[in-house]
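Visitor: Could you look at this predicted model? Sequence included:
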Amino acid sequence: MRDLVQDSRRRGRAAGDRTWRGSARLAVGAALGFGGLTFLVDWDAGTLSPARALLWLTLSAVILSMLLPARVTAGPGWLAVRGPFRRRTVRTDSLVYVGQYGDVSAHLVLRDSHGSRLELDPAVLHANPLLWHELDTGVRRSQERGTLRRGAEVLAQLGHEIDDTNARAVLEASGLT
């Protein structure tokens with residue numbers, strides 16, 4: 001799997017999340033702001049010590065790791081989600097299960113026939129048509145091969161939502177709404 005991912009990146013065919021950099025900048029800014037303010041307040045109060053400085057650095061790092069969004073990339077036949085501590089990859093052309101959990105903060109769960117599993121926020125697919133295209137192409141291959149046993153309706157509904165959102169955006173941009 002790792003060879004497949006590296007090969008598609010070398011050929012420049014991997015699609016990535018266009019909104020990730022902005023979200024990562026926001027997370028870094030929030031962590032730096034928290035760290036800077038706590039250092040400043042502690043220093044102004046005259047209570048800043050090496051132990052407290054280490055505490056504020058540690059808390060800032062924890063905030064960064066919690067706020068830093070997962071980086072989603074996709075290529076022909078694969079989808080990868082890289083968080084701050086681990087990377088998960090599934091073969092989209094051999095999916096066996098797709099599920100969506102939650103209403104307010106929904107997330108997709110994808111499992112392939114090789115035992116790999118990953119979770120991602122469907123909003124990433126809404127914001128990135130190229131990622132959606134790679135996932136949709138892989139799902140169609142899974143359906144052709146007969147490996148996708150459960151969850152095709154979840155992706156069909158998500159596809160309709162994405163198509164509706166894109167159609168509305170085109171109509172608004174052209175001034176027809």
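Guide: Here it is on my side, so go on.
Visitor: gap between Trp68 and Trp56?
Guide: Trp isn't right for residue 68; it's Leu. 18 Å (CB to CB, to the nearest Å). Quick note: C-beta positions are derived from backbone N, CA and C, even for glycine.
Visitor: Ala14 now?
Guide: Taking CB to CB as the measure, Ala14 and Trp56 are separated by 38 Å.
Visitor: other SSEs contacting the helix ranked longest in the chain?
Guide: Longest helix in the chain by number of residues, with DSSP state H as the criterion: helix 20-45. Here helix 20-45 touches helix 50-67, going by 3 or more CB pairs under 8 Å, 6 or more residues apart in numbering; DSSP states H and E.
Visitor: Helices of the chain, start to end?
Guide: With DSSP H as the definition, the chain shows helices at residue ranges 2-10, 20-45, 50-67, 122-127, 129-145, 152-174.
Visitor: export these to JSON lines and tack on mean pLDDT?
Guide: Formatted as JSON lines, the entries for the helices of the chain read as follows, by pLDDT from 0 to 100:
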{"stretch": "helix 2-10", "mean pLDDT": "50"}
{"stretch": "helix 20-45", "mean pLDDT": "95"}
{"stretch": "helix 50-67", "mean pLDDT": "95"}
{"stretch": "helix 122-127", "mean pLDDT": "89"}
{"stretch": "helix 129-145", "mean pLDDT": "91"}
{"stretch": "helix 152-174", "mean pLDDT": "87"}
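Visitor: Quick one: closest of those helices to Leu79.
Guide: Taking CB to CB as the criterion, helix 129-145 is the member of those that comes nearest to Leu79, at 5.8 Å.
Visitor: Output the contacting helices and strands for that closest one.
Guide: When contacts are defined as 3+ CB pairs under 8 Å, 6+ apart, helix 129-145 sits against strand 15-16, strand 71-75, strand 78-82, strand 95-101, helix 122-127, helix 152-174.
Visitor: So for the residue of the chain positioned farthest from its centre, what's the pLDDT?
Guide: Distance from the C-alpha centroid of the chain peaks at Gly46, with 42.0 Å (CA atoms, centre = their mean). Gly46 is assigned 92 on the pLDDT scale.
Visitor: Distance of it relative to Ala167?
Guide: For Gly46, the distance to Ala167 under the criterion CB to CB works out to 60 Å.
Visitor: hang on, the earlier thing: what's the closest of the helices of the chain to Gly75?
Guide: helix 2-10 (3.4 Å).
Visitor: what's the neighbour count on the closest residue to Glu161 other than its chain neighbours?
Guide: Excluding its sequence neighbours, the residue lying closest to Glu161 (CB to CB, 6 or more residues apart in numbering) is His126, at 7.2 Å. Neighbour count for His126, taken as other CB atoms under 10 Å: 15.
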